[in-house]
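Visitor: sequence and computational prediction follow.
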Amino acid sequence: MAKKTTTNKPPVPGLRSRLWFDNPGNPGMTALYLERYLNNGLTKEELTSGKPIIGIAQSGSDLVPCNRHHLQLAERVRDGIYAAGGIPLEFPTHPLQETGKRPTAALDRNLAYLGLVEVLFGYPLDGVVLTTGCDKTTPSALMAAATVNIPAIVLSGGPMLDGWYKGKPVGSGTVIWQARKDHAAGLIDYKEFLDIVAASAPSIGHCNVMGTASTMNALAETLGMSLPGCAAIPAPYRERGQIAYETGLRIVQMVREDLKPSDILTREAFENAIVACSALGGSSNAPIHINAIARHIGVKLSIDDWEKFGYDVPLLVDMQPAGQHLSEEFYRAGGVPAVLNELFKAGRLHGGALTVNGKTIGENVRRAKAQNADSPRSRAGAAGVIRPYGRPLKQKAGFKLLKGNLFNAAIMKTSVISEEFRARYLSKPKDPNALEGRAVVFDGPEDYHARIDDPALKIDENTLLFIRGCGPVGYPGSAEVVNMQPPAALIKSGVDSLPCIGDGRQSGTSGSPSIINASPEAAIGGGLALLETGDRVRIDLNKGTADMLVSKTELTMRRAVLEKKGGYKYPESQTPWQEIQRGLVDQLSEGMVLKPAVKYQRVAQKKIPRDSH
């Protein structure tokens, strides 16, 4: 008698789930996998019918209020999956709430990524709906989908409704930075500070400004990973539930078409995302996350590409923090498709890039015209929330890349350079677009808060504020702390902003033109570790340079002293994950990825998980 063998190849090409639920070549394992999935009411006939099994990666929870409504939206996703002939299996993802996680949600972006990779690879899933919203939920989900490479589609949760306080629009996050200045100046008390901020969050959903949440969901749509129009629909609107249903329908068809992230996340798609980010006035966190997604899908994308392809792109969206409007008006004006339409007509998009609906980005946005009736809150003569390409808010709105002896790479968000900041610091007749001043250095946010009002520091309007020890290793995870406000005494005198530079990040909701994401960070010996209070520093935007005006001999001596002390000191790890990430993480300019992880690409096509018993 011939020896009976077992096989670990799917009986039906493209349906990974049948390795678990319908594999006659391995009956023992099939029985084991199948029987437990029947105990909540699924039938053997359903699981062995050849219907695609679709995961719903649930990012909503009580710990993630920005995404909590996905718990309800998932029901409409399920309806769509069932209607298209699939079977939904919902599962939780690691919570990532920007305003809740300490020391920073960025610490857990890679942890959530790792967990989702293991779920997508190790469970019986043929495709997945990625529910996103709050800042880090979108990149972590896309990074995992890129690594595993099964059919995947993004469902954004959408922004909150517009916030109002005493008849004026207040944007979530953005209003905090202004309110803390008003509080420091004595214009408002503690209670009003909290009342103003609370008014900016009037409903379910993520930030209602073009912060990191809105930016990353808009760029997910631009990359082609969500249905057209998905990103900007406000969370409470009926259209949000409708597109959840349509997303469920579409993912089943994507499995049947074998349409995978690797088909969509091409070099052209990433260049489109860079261009769109500038036009949107997008978050300074976008380069970190987009570069990380590119590394996990295997597309070469560098921090230099953000200036090369995005710096000269005009600002088309008049939305806080770079403009004045909020999310509801942006959606009513046409949302992301209308912005992409302007870019497409101007020849700034790769129109042939494929998207999850099976059409190209050019086909999707060709008729998506901006609905721009002038808003009563628009500036005199303004063209509405979404501007024509030829009549933008600013002609050049991308990130400026800076390099020098302070760091190898840092970025400045030019779309938020105010006229007041430009006049004070960047408008010297004989030295335009450059600033030079005395440095005051803080080692982490605790040091900043403890000493910013110390008169001994002699901080004046010509001071440059530096903060270090805030990068992926030093913090750890990289903190949103670079947008430092001046001393209260200076604010009361009318100076409410100073140039800020650091190896941390800042909130995408901030309107500060800080120089951020400096790489390499001080914690691993970057130039910022050598800077001392009192040093003269020169920033030249024309040349793209950032240097401490200190001799090479002096810097060599400082480095020798630093190394003798064992390097730049930063707080010890408080949890196992902090220590693990610190040992593996790359710098912000490289996407802050886990360095060993990027070699794992298209794993669903390369490997089949080993059996569990």
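Guide: Happy to help now that I have it.
Visitor: for the rest of this, base every contact and every neighbour count on C-alpha atoms.
Guide: Fine.
Visitor: can you tell me how far residue 323 is from residue 150?
Guide: Plainly put, residue 323 is 38 Å away from residue 150 if you go by C-alpha to C-alpha, to the nearest Å.
Visitor: neighbour count: those two, which is higher?
Guide: residue 150 (28 against 21; other C-alpha atoms under 10 Å).
Visitor: so the more buried one touches residue 261, yeah?
Guide: Yes. Contact criterion C-alpha atoms under 8 Å: residue 150 and residue 261 qualify, at 7.1 Å.
Visitor: if I look at residue 233, how far off is residue 97?
Guide: Residue 233 is 20 Å from residue 97, by C-alpha to C-alpha.
Visitor: an error on my part: the question was meant for residue 135.
Guide: Distance from residue 135 to residue 97, by C-alpha to C-alpha: 8 Å.
Visitor: between these two, which one's more packed in?
Guide: residue 135 (30 against 27).
Visitor: the closest residue to that one other than its chain neighbours: what's it in contact with?
Guide: Leaving aside its sequence neighbours, residue 135 sits nearest to residue 213 (C-alpha to C-alpha, 6 or more residues apart in numbering; 4.2 Å). Applying C-alpha atoms under 8 Å, 6 or more residues apart in numbering, we find residue 213 in contact with 133-136, 138, 206-207.
Visitor: reformat those as CSV; add pLDDT.
Guide: Output for the contacts of residue 213, formatted as CSV (pLDDT from 0 to 100):
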residue, pLDDT
133, 98
134, 97
135, 97
136, 98
138, 98
206, 98
207, 97
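Visitor: tell me where the stretch 201-350 of the chain has strands.
Guide: For the stretch 201-350 of the chain, applying DSSP state E, counting those that start in this stretch gives no strands.
Visitor: quick one, helices of it?
Guide: For the stretch 201-350 of the chain, the helices defined by DSSP state H, counting those that start in this stretch cover 212-222, 238-257, 261-264, 267-280, 286-297, 304-310, 327-332, 335-345.
Visitor: same thing with the stretch 401-550 of the chain?
Guide: Under DSSP H, counting those that start in this stretch, the stretch 401-550 of the chain gives helices at 419-425, 445-451, 488-492.
Visitor: now, of those helices, which is deepest in the fold?
Guide: helix 488-492 (a mean of 17; mean count of other C-alpha atoms under 10 Å).
Visitor: CA atoms only: put that one into PDB for me.
Guide: Only the C-alpha atoms of helix 488-492 are listed here, as PDB (Å, rounded to 0.1, in the frame of the first residue of the first chain):
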ATOM      1  CA  ALA A 488       5.500  83.500  29.400                       C
ATOM      2  CA  ALA A 489       7.200  86.900  29.800                       C
ATOM      3  CA  LEU A 490       8.100  86.900  26.100                       C
ATOM      4  CA  ILE A 491       4.500  85.900  25.100                       C
ATOM      5  CA  LYS A 492       3.100  88.700  27.200                       C
END
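Visitor: for that helix, packing partners?
Guide: When contacts are defined as 3 or more C-alpha pairs under 8 Å, 6 or more residues apart in numbering; DSSP states H and E, helix 488-492 sits against helix 174-184.
Visitor: so which elements touch the helix it packs on?
Guide: Where contact means 3+ C-alpha pairs under 8 Å, 6+ apart, helix 174-184 is packed against helix 190-199, helix 488-492.
Visitor: neighbour-wise, which of the contacts of residue 213 leads?
Guide: residue 133 (35 neighbours).
Visitor: do I have it right that it meets residue 217?
Guide: Yes. Here residue 133 reaches residue 217: they are 6.8 Å apart, a contact under C-alpha under 8 Å.
Visitor: shared neighbours, the two?
Guide: Jointly contacting residue 133 and residue 217 under the rule C-alpha under 8 Å, 6+ apart are residue 156.
Visitor: the closest residue to residue 38 other than its chain neighbours - how many residues pack around it?
Guide: Distance criterion C-alpha to C-alpha, 6+ apart; nearest residue to residue 38, sequence neighbours excluded, is residue 44 at 6.9 Å. The burial count assigned to residue 44 is 14, neighbours taken as other C-alpha under 10 Å.
Visitor: same deal with the one 4 residues further on?
Guide: Taking other C-alpha under 10 Å as the criterion, the count of residues near residue 48 is 15.
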